[in-house]
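> Provided below for reference: sequence and predicted model.
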Amino acid sequence: MAMQAAALPHARSHAEEGLSRGMAGMVLFIASEIMLFGGLFAGYFFVRQQADTWPPEGVEHELDVSIAAVLSAILISSSIVAHIGILGIKSNRRAQFKLGIALAIILGTAFIGGQIAEWFTLMDEGLTAGSTVYGSTFYVITGFHGAHVIAGLCMLVVVFVRAIWNDFTPTRHLFADAAVLYWHFVDVVWVFVFTVLYVTPKL
Amino acid sequence: MATEAIARPAHGAREYTGLLAWLLTTDHKKIGIMYLLFTIAFLFVGGILALLVRLQLAWSNTGFLSQEEYNQFFTMHASTMLFLFVIPVGAGFGNYLLPLMIGAKDMAYPRINALSLWLIPLAALIMFSSFFVEGGAAQSGWTEYAPLTDDTFMPGKGTDLWILGVQILGISSVGGAINFLVTTMTMRAPGMTLSRMPIFVWMIVVTSVLVVFATPVLAGVLTMLFADRNFGTAFFNPREGGNPLLYQQLFWFYSHPAVYIMILPAMGIVSEVIPVFSRKPLFGYRAVIYAGAAIGVLGFTVWMHHMFATGLSVPLTVWTMLATMMIAVPSGVKMFNWLGTMWGGSILMRTPMMFAVGFLFMFLIGGVDGVFHAVVPIDYAINDTYWVVSHIHYVLFGGSVFGVFAGIYFWFPKFTGKLLDETLGKVHFWLMLIGMNLAFMPMHILGLKGMPRRIADYQGGQGWEEWNLISTIGAFIIALSMLVFIVNFLKTLATAPKDAGDDPWEGNTLEWMTSSPPPEHNFHELPEIHSERPAWDRRVARDPSMTPTAAH
């Protein structure tokens, strides 16, 4: 009967080429995360455009661009070394892979440390989440971003542990790819946070 | 015929039996059935809350509920129906049917799928537990508008628990949506091209895109609300530079696409049922897909029509009005696709078909209502009256719930191997149809007579009492119809013979080409797929006396 010819194993269903199943999920997840930050930024612009000045009257404090610029440099370099790490596993240079991921974790942790230090300094100086909507948007947006950095760090730690176990091969390293893609996304969001929250009020 | 089973992958999972086989399953069919059982149970919970609301309003000064109780019940009625019933029920059908319809073995991420399921009862537990905290459950309507939900006006923890529950449901939805999209992208059987996918699959795809892009914005705005209530932020506090309209903007950016999240799966179900019982291919397969996609895209541009009365700028108002009216066009296209499918068909009026036809009529009324209050001057007059309540119930009850029951009667034999009783099914249908029109049609008149929505009581002598009483009677007739359904469901499960066979309705799509219920890996062997109606193709091939009808 004709149907016998079609009794193919499921594993050979088409559309296997192109984006793999795991990466497709990560890309869609990042798309939903972009909308999350999009909503937060939309809220930021909504309250900012109705304010006479930004920061609004009564908020003496200004965010320190130089510290944030250092944090940006740290986070961007961590993205670069993570990418170098991925290039390493692709061409079976395992030491480069492990070193790249480890450096990315260290730099990411440094970023979070810097961010927390900045939060404490600002709060000491009197800028809190209740200091008008200026403080609210700052802490919620940077807080959300920080939480995403921590989530990304957790993924990178898993990648690193599995790298030590030699779990990845040049052809099979989907989780590492997905985690590093997420890491780049977190990095790109920071570029927006830095530009919009820190730089544009000075212009 | 060679029926040798394809060897299942040895993933080392233990085989569980009994209750554990359900609690620990990652099988999309078991997960789909649990989705449906949970959500239908929430339909009944939400329904009981609706009956309490209708009892309170049956005539003026009933004194049946206090204002606080009334506010909690109508808020939780809507929240239950929207977040715990109508949104996840679409994912329930999708879970069971989508992998079968595209010839896949399971969903792309079975464990994330199980997580999406179990987050739903967790969220329900959190939301319903709020009835028992100090201050009671959320009271500000399902929209939870700031500044009503400010901690000064709503100091109780009910609102916070509500936010928590809805956030968890959002995670569940996004997980499910990503799963549906990746499954459809990567797991289709050989021959199942995009242009051969069943309409139901297409509608789940469009719905999932809406979920992925809209739900995170709700997560953002509810986080702001939570922070305003608990951490002293000032997003919606005008004294500190915030703005309550920001809440409405972000909330409706999610919640308008969400109404399409609620209706598109039902449209998908109806698009599967009508061709089968008309014995014709769907009229305009591509037009239905394009119309569904157009609804999805336009749905992202019209959220401000919920905010006409807040004083938007004129260009925004005019754009939103025109775009809203434009959505009637793809909806109308679908309507004609369904009518064109029935036109000249040999129509079999079995229970699923009756619910599908009921959907057409009721959704039409709801849709025409919608065009009315898209017109700004009319909206000013009927904004926040019972007209709006009437509209959403014609769309969501007349539309989504009729679609859901069409789907339940249609696929029940696939789920269980047993056919639900036809007579009881028809009694259910007629009671539900009569009940809903008695319950919701008078709300149009109440709205035009100026009765505001969300009021716990009203004075007599305004011409509102008769219509409210009729509406309450209608609500109880709907409840009666649900009892008939429960009887039918339990009786069929307990006593009916397992004789439905693989394909009791002469269906079109792949799920009818495997056993009822299907084996764990869905298909012993995949049939050849040459069109969007593989089951029909096989029947024609086996019985040459059947005249093949052109597929398009």
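Nice, I can see it.
> if you skip the residues just before and after it, what's nearest to residue 42?
Picked chain A for this. Closest residue to A:Ala42 apart from its sequence neighbours, by CB to CB, 6 or more residues apart in numbering or on different chains: B:Leu250 at 6.7 Å. For every residue, glycine as well, the C-beta is placed using N, CA and C.
> wait, chain B
Nearest residue to B:Phe42, sequence neighbours excluded (CB to CB, 6+ apart): B:Leu84, at 4.0 Å.
> low-scoring stretches of chain B, by residue?
Confidence mapping of chain B against pLDDT under 70 gives the ranges B:1-14, B:547-552.
> where exactly do the helices run in chain A?
Secondary structure of chain A, counting by DSSP state H: helices at A:2-5, A:21-50, A:65-90, A:94-124, A:132-164, A:174-193.
> Redo the ones you listed as a markdown table? Include mean pLDDT and mean neighbour count.
Listed next are the helices of chain A as a markdown table, based on pLDDT from 0 to 100; neighbours: other CB atoms under 10 Å in any protein chain shown:
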| stretch | mean pLDDT | mean neighbour count |
| --- | --- | --- |
| helix A:2-5 | 38 | 10 |
| helix A:21-50 | 95 | 19 |
| helix A:65-90 | 96 | 18 |
| helix A:94-124 | 96 | 17 |
| helix A:132-164 | 96 | 20 |
| helix A:174-193 | 96 | 20 |
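> Could you export these as TSV, including distance to B:Phe38?
TSV is the format used below for the helices of chain A (distance: least, CB to CB, whole Å):
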stretch	distance to B:Phe38
helix A:2-5	37
helix A:21-50	23
helix A:65-90	41
helix A:94-124	39
helix A:132-164	28
helix A:174-193	31
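> List the residues that contact B:Gly136.
Neighbour list for B:Gly136: B:68-69, B:72, B:130, B:156, B:158 [criterion: CB atoms under 8 Å, 6 or more residues apart in numbering or on different chains].
> B:Met197: which of those is nearest?
Using CB to CB, B:Ser130 comes nearest to B:Met197 of these, at 40.9 Å.
> how far away is that closest one from B:Leu49?
Distance from B:Ser130 to B:Leu49, counting by CB to CB, to the nearest Å: 13 Å.
> Number of residues surrounding residue 198?
No chain in the question, so chain A it is. Residues within reach of A:Tyr198, counting by other CB atoms under 10 Å in any protein chain shown, total 21.
> not what I meant, chain B
Neighbour count for B:Pro198, taken as other CB under 10 Å: 27.
> any chance you could read off phi and psi for it?
Dihedral angles of B:Pro198 (phi, psi; degrees, to the nearest 10) stand at phi -60, psi 150.
> circling back to that earlier point, out of the contacts of B:Gly136, which is nearest to chain A?
Closest approach between the contacts of B:Gly136 and chain A, by CB to the nearest CB: B:Gly156, at 21.4 Å.
> Apart from its neighbours in sequence, what residue is nearest that closest one?
B:Gly135 (2.0 Å).
> Next, the one you found: secondary structure please.
Each residue gets one of three states, and B:Gly135 gets coil by DSSP: H, G, I helix; E, B strand; the rest coil.
> For it, give me the backbone phi and psi.
With angles defined as degrees, to the nearest 10, B:Gly135 sits at phi 90, psi -10.
> Selection in ChimeraX covering whichever of the contacts of B:Gly136 are buried, please.
Per 16 or more other CB atoms under 10 Å in any protein chain shown, the buried members of the contacts of B:Gly136 correspond to this ChimeraX selection:
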select /B:69,72,130,156,158
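> Mind checking which of the contacts of B:Gly136 land in helices?
If you go by DSSP H, the contacts of B:Gly136 have B:68-69, B:72, B:158 in helices.
> Tell me which two of the residues you listed sit farthest apart.
B:Glu69 and B:Gly158 (12.3 Å).
> wait, isn't the residue nearest to A:Ala42 in contact with B:Ala219?
No: the criterion here is CB atoms under 8 Å, and B:Leu250 misses it with B:Ala219 at 10.1 Å.
> Comparing the two, which residue is more hemmed in?
For B:Leu250 and B:Ala219, the more surrounded residue by other CB under 10 Å is B:Leu250, and the numbers stand at 24 against 20.
> give me the element that one is part of.
Applying DSSP states H and E as the criterion places B:Leu250 in helix B:244-278.
> Next one: B:Ala146 from chain A, what distance?
Separation of B:Ala146 from chain A (CB to the nearest CB, to the nearest Å): 12 Å.
> go on, B:Tyr386?
The gap separating B:Tyr386 from chain A is 32 Å, by CB to the nearest CB.
> Now that residue: phi and psi?
phi -70, psi -10.
> Quick one: residues contacting it.
Contacts here follow CB under 8 Å, 6+ apart; on that basis B:Tyr386 touches B:443-444, B:446-447, B:451-453.
> Between which two of the residues you listed is the distance greatest?
Greatest spacing in the contacts of B:Tyr386, by CB to CB: B:His444 and B:Pro452 (14.6 Å).
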